[in-house]
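Engineer: sequence and predicted structure below; questions after.
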Amino acid sequence: MRRAYFKFSWIAAALLAPQLLIVFVFFYWPSAQALYWAFTLEQPWGGGNTWVGFDNFRQVLSDPYYWSSVRVSVIYALATTVLAMSMALILAMFVDRQLAGYKAYRVAIIWPYAVAAPAVGLAFQFVFNPGAGLFSYINTIAPGWWDLSKYPWQAVTAIVIAGAWKQVAYSFIFFLAALQSIPRSLTEAAAMDGARPLRRMMDLQLPLLTPTFFFLLVINITDSFTDSFGIVDTLTGGGPFRATDLMVYKIYADGFRGFDYSGAAAQSIILMLLVMALTFVQFRYIERRVHYT
Amino acid sequence: MAEISIRNVTKTYGKTTIMQGVNLDIHNGEFVVILGPSGCGKSTLLRLIAGLEDITAGEVLIAGEVVNQLEPRERGCAMVFQNYALYPHMTVAENIGYALKVAGLPKVERQSRVEATAKSVGLTDFLDRKPGQLSGGQRQRVAMARAIIRSPKVFLFDEPLSNLDAQLRVQMRHEIRRIHNQIKATSVFVTHDQHEGMTLADRLVVMNKGTIEQVGSPAKIYDNPASIYVAGFIGSPAMNFLPGHISVALRGVVLESGRLVPLASQPNLPDGHLVHLGIRPEHATLVRAGAGTIDAQVDMIEELGASRLCNLLFEDIPICVLTEERPDLAAGATVGLDFPPQRIHLFDAVTGRRIPNDLALVFEKREQPISV
Ligand SMILES: Nc1ncnc2c1ncn2[C@@H]1O[C@H](COP(=O)(O)OP(=O)(O)O)[C@@H](O)[C@H]1O
Ligand SMILES: [Mg+2]
C-alpha cells in the first residue's frame, strides 16, 4: 500500500480543527461519559459515583425487558432492511431500464434520505394515525380495527414502513449506480446470446450486484439500529406495551425518563459494540469484496 | 441470394441523422469488411443488422426475411464486441456455453460442444478460469468461441482486434480468416484499420459520414478508388493530390503552378475543368532534376529498411514518394518526379468523384453517380 506523507502545517490544522472539535464534542466526550456511567453507580442521595465494575451490564443483560427490546430491534432491523432494499432494487431496475417516468422519480426518490428521522415519523403520523391519518379510512369501514397505540403488530408494522421509506433512497442510489456501471455491451452480448430481459436480470445483473448487495445489507442494518430513534419517538413512543421499544429508544427512555443513567449507559455501550462489530464486518470483509474486472 | 440486404436504411438519433439511405447486399458465405474512420457509423450499421438499434427507415433482410421488428435473439446473428463483453462472473466454459444454456440444451451436450469449441480456438486449458484471469488475446478467443458455438447464420465483428497489441492483432487476423475459411459463415467485420480491412475482406465497404462511398474487392478499390475520399483513405502512405485543370489542347492536366502533366488519352472534358490529380507514393518515380513530369525539393527522407519514404515539397504541396532505391539526397536538394500516365488518377474538383481512367465520360453525363 502506498502512503502519502504530509508536512505539518498550521493552516491544515486550523482547517481540520472545527471538524475534530465536532467529533470530539459529539462523539468522544459522550462516549467517555457513557463509559464512566456504565461502570459506576450514582449514590442514592448524591455524593458522587461508586465503581461497580460490570454490575450494570449484568443487570441489563438479566432484564427480560431488555431482551424483548433486543428482539424487536432485530425484527425491525431485518424487516426494514429487506423492505427498503427490495423496494430500492425494483425502483433502480425500473430507472435503469428507463421505464416510463423514470426521470421524475429518479430525483423524487432521493429526497427521503435528506429528511430527518423525527420528521419522517411525524409525516407518517398523517398516514397511520387511527383518528386522522390515511389509515383512519380503514376504521370507517371496520371501526377500531386500526390503532397502533393498541395493537403491537400494527405499531411494529408502522415503524418498519416509516424506517424503510427513509432508507430506500440510500440503497436506491447505490443499486442504480451499480446497475449503470454494468457495461451496456454485457447486456447486449446476453441479448445476442438469446437471453430475454428477465433472464438477463437473473444471470447477469443480480450476480454483478452481489458486492453492492452485501455492502447495503450491512449499512442498512447498522442504520436501522442507530437511526430509528426519531421515528419511534414521534410515531409510537415505544409502545404499546413496549412493543416498539427499540434498543436505541430504550436507552433514552431508561436514561431520561427512568433516570437510570448507569443502566442506559451500559446499554449504549452494548449498542456501540454491536455497531462497531457491524462496521468491522463492513470494512474487513465487504470493502475487500470480489472485484470482477 | 443475398444473406443480408440493407435497403435504403436511415438512422437518426433525435434530430441528428447519422446514416442516410444506405444500400448494401452481403452474399452468403462472404467476408465483408466495413472500413471507415472513427465515428462514420460502422458500428451503428452493424448494430442495425444485429438488432441492437432500431432502424429509423428502410429495411434489413436476413436470409430473405425482413428483420426490422425481430429481437436480436431471433435474427440468428452472433456478435464479437470490441471490448469482448465477457460475463465477468462466469468461467470461460460458462461464457462460451451461455447461449446454449439459454437455449435449454441438456448439460451433457452443452459440455461436449463447449469443449469442442474451446479446443478449436485453443482454450482447452483455460475453461475453469474467469475472464479477469486471462490475457487480452485469450479473452479475444473466448469472445470468438462464444460466437462460434452457436453456429450462427451471420457473424458480426465490431473492431474485435483493436484492443490487442500489433503482433497479436496480425495473429488473430489470420485466425479469424482461417476460421472463416473453415465454417464459411457470412461475416461482417467492422474496422478502422485499412490493413486489417484489406487483408481480411472478400469485399470491402468504405464508409464516410454515414454513407457508403464504395464497395468492391480490396484490389479493385485500391486500383480504382471511386472518390477522392476513398483514394485518400485507402493506401498507406496516402495518395498525393495536386490541384489543376484540364487542357484539351495540351492533352493533359495543367497544375496550378503551370506545369503540364500529360495524360494517357484525350480527356473528354471541357477545357479548364477543375480536377485533382492523384498519384500514389509507390507509383511516382524519382528521376534527375528536370527529367521528370515535375521537379520538387527534398524535405526529409525516412528510412524504412526495405524502402524509403521521400517527403518532398512541390510549390508548398507535400508529396510523398516510396522508393526501393537508395537515392543520395540531402534536404533541400531538387529532384525530378515522373508520373506514369497509366498510374494517374483524376477526380472532379467539385464533386470529388473519380473521372474514369479512359476519360470516356462526357462531363455533362457525370451528374449521375458512377456505378462501382
Ligand atoms: N446512442 C447514440 N446517440 C446519439 N448519437 C450516437 C449514438 N451512438 C452513436 N452515435 C453517433 O453516431 C455516429 C456513428 O457512431 P458509430 O457507429 O459508433 O461510429 P464508428 O463505429 O464508425 O466509430 C457518431 O457520430 C456517434 O457520435
Ligand atoms: Mg465503432
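Structural biologist: Looks like it came in fine. Numbers count the residues shown, from 1 in each chain, chains lettered A, B, ... in the order given. Ligands and ions are numbered 1, 2, ... in the order given.

Engineer: contacts and neighbour counts: CA atoms only from here.
Structural biologist: Noted.

Engineer: which SS class is residue B:302?
Structural biologist: Assigned by DSSP: H, G, I helix; E, B strand; the rest coil, the conformation of residue B:302 is strand.

Engineer: so where do the helices sit in chain B?
Structural biologist: With DSSP state H as the criterion, chain B has helices at B:42-50, B:92-102, B:107-120, B:136-148, B:166-183, B:194-200, B:218-223, B:228-233.

Engineer: what parts of the stretch 51-200 of chain B come near chain A?
Structural biologist: Selection of the stretch 51-200 of chain B residues close to chain A by C-alpha under 8 Å from any C-alpha of the partner chain yields B:52, B:72-74, B:77-79, B:81, B:85-89, B:98-99, B:102-103, B:131-132.

Engineer: can I get the helices of chain B in JSON lines with mean pLDDT and distance to residue A:212?
Structural biologist: As requested, those are exported to JSON lines (pLDDT from 0 to 100; distance: least, C-alpha to C-alpha, whole Å):
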{"stretch": "helix B:42-50", "mean pLDDT": "94", "distance to residue A:212": "31"}
{"stretch": "helix B:92-102", "mean pLDDT": "94", "distance to residue A:212": "23"}
{"stretch": "helix B:107-120", "mean pLDDT": "93", "distance to residue A:212": "31"}
{"stretch": "helix B:136-148", "mean pLDDT": "92", "distance to residue A:212": "26"}
{"stretch": "helix B:166-183", "mean pLDDT": "90", "distance to residue A:212": "36"}
{"stretch": "helix B:194-200", "mean pLDDT": "93", "distance to residue A:212": "41"}
{"stretch": "helix B:218-223", "mean pLDDT": "93", "distance to residue A:212": "50"}
{"stretch": "helix B:228-233", "mean pLDDT": "95", "distance to residue A:212": "47"}
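
Engineer: using TSV, lay out those together with distance to ligand 1 and mean neighbour count.
Structural biologist: Formatted as TSV, those follow (distance: least, C-alpha to the nearest ligand atom, whole Å; neighbours: other C-alpha atoms under 10 Å in any protein chain shown):
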stretch	distance to ligand 1	mean neighbour count
helix B:42-50	4	23
helix B:92-102	25	24
helix B:107-120	29	17
helix B:136-148	19	23
helix B:166-183	19	14
helix B:194-200	13	19
helix B:218-223	19	17
helix B:228-233	14	21
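
Engineer: which residue lies closest in space to residue B:193, excluding its sequence neighbours?
Structural biologist: residue B:35 (7.2 Å; C-alpha to C-alpha, 6 or more residues apart in numbering or on different chains).

Engineer: my read is that that neighbour contacts residue B:195, right?
Structural biologist: No. Using C-alpha atoms under 8 Å, residue B:35 is not in contact with residue B:195, being 10.0 Å away.

Engineer: contacting residues around residue A:185?
Structural biologist: Counting by C-alpha atoms under 8 Å, 6 or more residues apart in numbering or on different chains, residue A:185 touches B:81, B:85.

Engineer: tell me the pLDDT at it?
Structural biologist: As predicted, residue A:185 sits at a pLDDT of 91.

Engineer: output the least confident helix or strand in chain A by mean pLDDT as PDB, restricted to C-alpha atoms.
Structural biologist: Lowest on mean pLDDT, DSSP states H and E among the helices and strands of chain A sits helix A:102-108, with a mean of 71. Taking C-alpha atoms only, helix A:102-108 is exported to PDB below (Å, rounded to 0.1, in the frame of the first residue of the first chain):
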ATOM      1  CA  TYR A 102     -38.100   7.400 -14.600                       C
ATOM      2  CA  LYS A 103     -36.700  10.900 -14.800                       C
ATOM      3  CA  ALA A 104     -39.200  12.200 -12.300                       C
ATOM      4  CA  TYR A 105     -38.800   9.600  -9.600                       C
ATOM      5  CA  ARG A 106     -35.100   9.400 -10.000                       C
ATOM      6  CA  VAL A 107     -35.000  12.700  -8.300                       C
ATOM      7  CA  ALA A 108     -38.000  12.300  -6.100                       C
END
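
Engineer: what packs against it?
Structural biologist: Here helix A:102-108 touches helix A:64-96, going by 3 or more C-alpha pairs under 8 Å, 6 or more residues apart in numbering or on different chains; DSSP states H and E.
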